[in-house]
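Sequence below, structure please.
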Amino acid sequence: MKKLFIIIGVLAVIFFGMILYKNEISSKSNITIQEVEQIENYLSKIYMWKEVTNEALPTFDNINNANDLWFWGVVKKNLEEYEIKYDTVQDKAKELFGQDIQKQFPTEGIAGLVFDQESGEYIATEIDLDTKEDTFLLNNIEKINDEYIVEIIEYIEDYSSEEAIIIRNITEEEIGRVNDNESETQIHEIVKNNINRFVKKRVYLNQTNMVVKKVEKID
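Okay, the predicted model is just below:
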C-alpha cells in the first residue's frame, strides 16, 4: 500500500508539473492552454527518432521539400494498423501535412513499411529503438495572422544509466542528470538553464488546420 501511495505521489507531481509548464507557455505567449496542448500534441506526432530518420525534425521551407525519410517515417509512426492499403498511407499523409502535399508514397514501399505481393498491402515492420528519447520543450509561441510560430528546444532523455536520466543535447553532449523518480519539471529546468547549449528551431504551423508549413533553425 505504501508503494502505491508513492507511485501516486510521483504521478501527481508529474501531472502538476505539466500543468505549470503549459500555464507558463500560455501566459507568456498570450494564448489559451487548449491551444498550447493542441500545438504540443501535433508536434509530438511529427517529432521522430533521429536514429530512424537522421533528424527528429529536419528543417525545410515547404513541406513538399521535406526529407522523404522523415516525412514517410512520420506517416508510418501515426498509422494504427499493421497491414495498410496504399490509399491509407496517402490519406494519413494528408491528415498530418495538409491536402496540398505533392509527395507520393513509393509504390515499392519504404524501410519499415514494405509491400507484400501476396496480400497486395503494405506491412508495417518493427523498428529497433535505442534507450534515448528524442524530445522537445516548447519555449515560446507567437500567434500571427493565420500562423502559430512555435519556438522549440531540442534535447534527448538518455535512459541507458540505471542511476539517473541523462539529459543531452542533440550532439550527444551530457548537460545534466535527474533521478528517474523526479518530475519533468526538473528536466525542463535543466534545459531552460542551459538553453544556449541546445539546438532551437522555429516551427510554423497553419492555425486553421494545424499542419506544419516550415521549420527553420534558430542561430
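
burial measure for residue 164, as a count.
14 (other C-beta atoms under 10 Å). In short, each C-beta sits where N, CA and C put it, glycine included.

tell me the contacts of it?
Contact analysis of residue 164 by C-beta atoms under 8 Å, 6 or more residues apart in numbering lists 177, 178, 179, 180.

ends of stretch 89-109, how far apart?
10 Å (C-alpha to C-alpha, to the nearest Å).

mind listing what's buried in that stretch?
Going by neighbour count (16 or more other C-beta atoms under 10 Å), the buried part of stretch 89-109 is 89, 92, 93, 96, 97, 98, 101, 103, 105, 109.

Please enumerate residues in contact with it?
With C-beta under 8 Å, 6+ apart as the test, stretch 89-109 has contacts from 45-46, 63-64, 68, 71-72, 74-75, 78-79, 86, 113, 115, 122, 206, 209, 211-212.

quick one on the thing from earlier: and the contacts of residue 164, which of them are buried?
177, 178.

which of the contacts of residue 164 lies closest to residue 187?
residue 178 (5.7 Å; C-beta to C-beta).

Residue 163: which of the buried residues of stretch 89-109 is nearest?
residue 96 (37.8 Å).

helix or strand for the closest one, which one?
Assigned by DSSP states H and E, residue 96 falls within helix 86-97.

average model confidence for that helix?
Helix 86-97 shows a mean pLDDT of 97.

Mind putting the buried residues of stretch 89-109 into a markdown table with distance to residue 169?
A markdown table is the format used below for the buried residues of stretch 89-109 (distance: C-beta to C-beta, whole Å):
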| residue | distance to residue 169 |
| --- | --- |
| 89 | 33 |
| 92 | 31 |
| 93 | 30 |
| 96 | 27 |
| 97 | 27 |
| 98 | 31 |
| 101 | 31 |
| 103 | 30 |
| 105 | 33 |
| 109 | 34 |
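
out of these, what pair is the most spread apart?
Farthest pair in the buried residues of stretch 89-109 (C-beta to C-beta) is 98 and 109. Separation: 23.2 Å.

in which helix or strand would I find residue 69?
helix 68-77.

next structured bit after that helix?
Toward the C-terminus from helix 68-77 - assigned by DSSP H and E - lies strand 83-84.

Neighbouring strands of that following strand in the sheet, and parallel or not?
strand 121-124 (antiparallel) (DSSP bridges).

And for the partner strand, what's in contact with it?
Counting by C-beta under 8 Å, 6+ apart, 76, 79, 81-86, 89, 109, 112-116 sit against strand 121-124.

Which of these sits closest to residue 38?
Residue 38 lies nearest to residue 79 out of the contacts of strand 121-124, by C-beta to C-beta, at 21.3 Å.

how close does the closest residue to the closest one other than its chain neighbours sit to residue 125?
Spatial nearest neighbour of residue 79, chain neighbours left out: residue 92 (5.8 Å); criterion: C-beta to C-beta, 6 or more residues apart in numbering. Residue 92 is 17 Å from residue 125, where distance means C-beta to C-beta, to the nearest Å.

quick one, phi psi at the residue minimising distance to the centre of the chain?
In the chain, the residue lying closest to the centroid (C-alpha atoms, centre = their mean) is residue 47, at 2.7 Å. Residue 47 adopts backbone torsions of phi -90, psi 120, taken as degrees, to the nearest 10.

any idea how far it is from residue 94?
Residue 47 is 19 Å from residue 94, by C-beta to C-beta.

Let me know the next secondary structure element after the worst-scoring helix or strand of the chain on mean pLDDT.
Sorting the helices and strands of the chain by mean pLDDT, DSSP states H and E puts helix 2-29 at the bottom, at a mean of 50. Counting by DSSP H and E, the next helix or strand C-terminal to helix 2-29 is helix 33-46.

Sounds good, over and out.
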